[in-house]
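Engineer: Fold the following and give me the result.
(one chain, ligands or ions: 1)
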Amino acid sequence: MTTSNKNHTLNNSRKKAYTVPKLDKGFAGQDIISVSQFSRKNLEHIFAVAEEMRAIVKSRGSTDLLTGTVLACLFFEPSTRTSSSFIAAMSRLGGTVIPITQGVQFSSVSKGESLPDTIRTLESYADVIVIRHPEMGSAKIAADYARKPIINGGDGVGEHPTQALLDIFTIKEELGHIDGLNVGMVGDLRNGRTVHSLARLLCLYDVRFDFVSPEILRLPLDVMNDIRDHELPAAETYDVADIISDVDVLYVTRVQKERFADLAQYEEVKDLYVITPELMEQAKEKMVIMHPLPRVGEISYHVDSDPRAAYFRQMENGMYIRMALLAAVLGKA
Ligand code: ASP
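Structural biologist: The predicted model follows:
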């Protein structure tokens with residue numbers, strides 16, 4: 001069933017989105033908290049630097065651009081790609097990392113230390129901090145206390161801005177342009193912070209959206225309202241079959257088990273969508289399937305060999321984008 005966005009009646013509004021100042025031209029010394037900070041010009045700049053970073057990594061593996069600088073990675077939630085790509089990015093730029101990624105339980109946070117005190121501590125040692133935290137708005141709070149740049153590596157069901165940057169970079173690399181594309185997003189649109197950031201960032205372009213989810217996982221109203229404010233077309237449906245032949249980008253997400261208060265509800269919706277080779281037969285020849293990963297069944301492994309499956313290339317792009325961002329906030333790009 002396809003519904004017009006005017007019929008968006010579900011009460012899925014949530015904590016009010018935070019306001020963060022726009023990035024100025026250079027990015028140096030600035031926080032990366034929300035995609036709302038970015039202009040198209042900012043994105044072009046970061047994408048150009050990411051291309052350079054890719055060329056450096058492919059030709060010689062690393063550079064000494066950030067020698068002598070330190071990144072602190074403070075992760076209160078599990079992470080594989082975001083943490084390791086930030087660590088790899090800093091290492092390839094010649095800098096070093098304080099990794100509090102697996103063991104917040106071994107830091108003083110487990111003794112009851114407050115977030116501001118932990119941030120004050122880390123910024124005494126590091127030049128930039130990446131934080132992932134289960135509370136929406138936590139990265140903004142960290143930034144309010146910190147003198148050094150804070151990068152939001154995911155704040156609960158809020159945002160994941162660096163993922164959105166790498167997502168759009170990937171779309172551009174794969175399809176050559178963003179304007180004019182039809183972007184389908186599938187799965188847990190309510191809790192998926194990557195969806196929230198990507199949908200918002202795509203509002204800088206001329207795109208149309210197709211959202212596919214069950215009723216309880218529909219896109220939050222604040223994100224839908226942003227799309228409406230930009231006067232971009234957006235439709236909602238429950239069935240991937242409704243949109244598969246129309247989309248240029250199919251952005252698939254996992255159902256976020258950890259965000260459910262009622263696990264019985266999770267069980268009801270967890271296996272609703274599976275992208276299979278049979279389904280892909282109906283898709284355009286030139287399109288891409290993306291996923292922020294991890295996947296837990298929503299894309300069949302048989303799809304991996306499809307040239308349109310871009311999720312592993314997308315993941316690699318994360319490192320180049322994060323190299324570009326680190327260089328930028330540290331005033332070297
Ligand atoms: N890795 C992404 C995130 O941290 C997506 C996910 O967990 O499903 O938001």
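Engineer: thought Arg200 was touching Gln37?
Structural biologist: No. Between Arg200 and Gln37 there is no contact under CB atoms under 8 Å: 10.7 Å. C-beta coordinates here come from the backbone N, C-alpha and C atoms, glycine included.
Engineer: more crowded one of the two?
Structural biologist: Between Arg200 and Gln37, Arg200 has the larger neighbour count (other CB atoms under 10 Å), namely 22 against 18.
Engineer: Name the nearest residue to the more buried one, ignoring sequence neighbours.
Structural biologist: Val35 (4.9 Å; CB to CB, 6 or more residues apart in numbering).
Engineer: How about Glu159?
Structural biologist: Ser197 (4.6 Å).
Engineer: same for the helix or strand containing the one you found, what does it pack against?
Structural biologist: With elements delineated by DSSP states H and E, Ser197 resides in helix 193-202, which encompasses its position. Contacts defined by 3 or more CB pairs under 8 Å, 6 or more residues apart in numbering; DSSP states H and E place helix 193-202 against helix 161-175, strand 182-186, helix 221-229.
Engineer: returning to what we had before: while we're on the residue nearest to Arg200, how confident is the model there?
Structural biologist: For Val35, the pLDDT comes out at 97.
Engineer: Would you check that Ile32 makes contact with Leu326?
Structural biologist: No. Using CB under 8 Å, Ile32 makes no contact with Leu326, being 10.0 Å away.
Engineer: For the stretch 101-250 of the chain, which residues are neighbours of the ligand?
Structural biologist: Within the stretch 101-250 of the chain, the positions adjacent to the ligand are Gly154, His160, Arg193, Thr194 by CB under 6 Å from any ligand atom.
Engineer: that older thread, ok, how many other residues are close to the residue nearest to Glu159?
Structural biologist: Ser197 has 27 neighbours, counted by other CB under 10 Å.
Engineer: now the end-to-end length of stretch 20-34.
Structural biologist: The first and last residues of stretch 20-34 sit 7 Å apart, counting by CA to CA, to the nearest Å.
Engineer: chain center to it: distance?
Structural biologist: 17 Å (CA atoms, centre = their mean, to the nearest Å).
Engineer: show me where the chain has strands.
Structural biologist: Counting by DSSP state E, one finds strands in the chain at the ranges 2-4, 70-75, 96-100, 128-133, 150-155, 182-186, 208-212, 234-237, 249-252, 288-290.
Engineer: Least confident of these, on average?
Structural biologist: Comparing mean pLDDT over the strands of the chain, the weakest stretch is strand 2-4, at a mean of 36.
Engineer: mind showing which ranges of the stretch 101-250 of the chain have poor pLDDT?
Structural biologist: 103-107, 109-112 (pLDDT under 70).
Engineer: Tell me which residue in this structure sits closest to the ligand.
Structural biologist: At 4.0 Å from the ligand, Pro292 is the closest residue in the chain, using CB to the nearest ligand atom.
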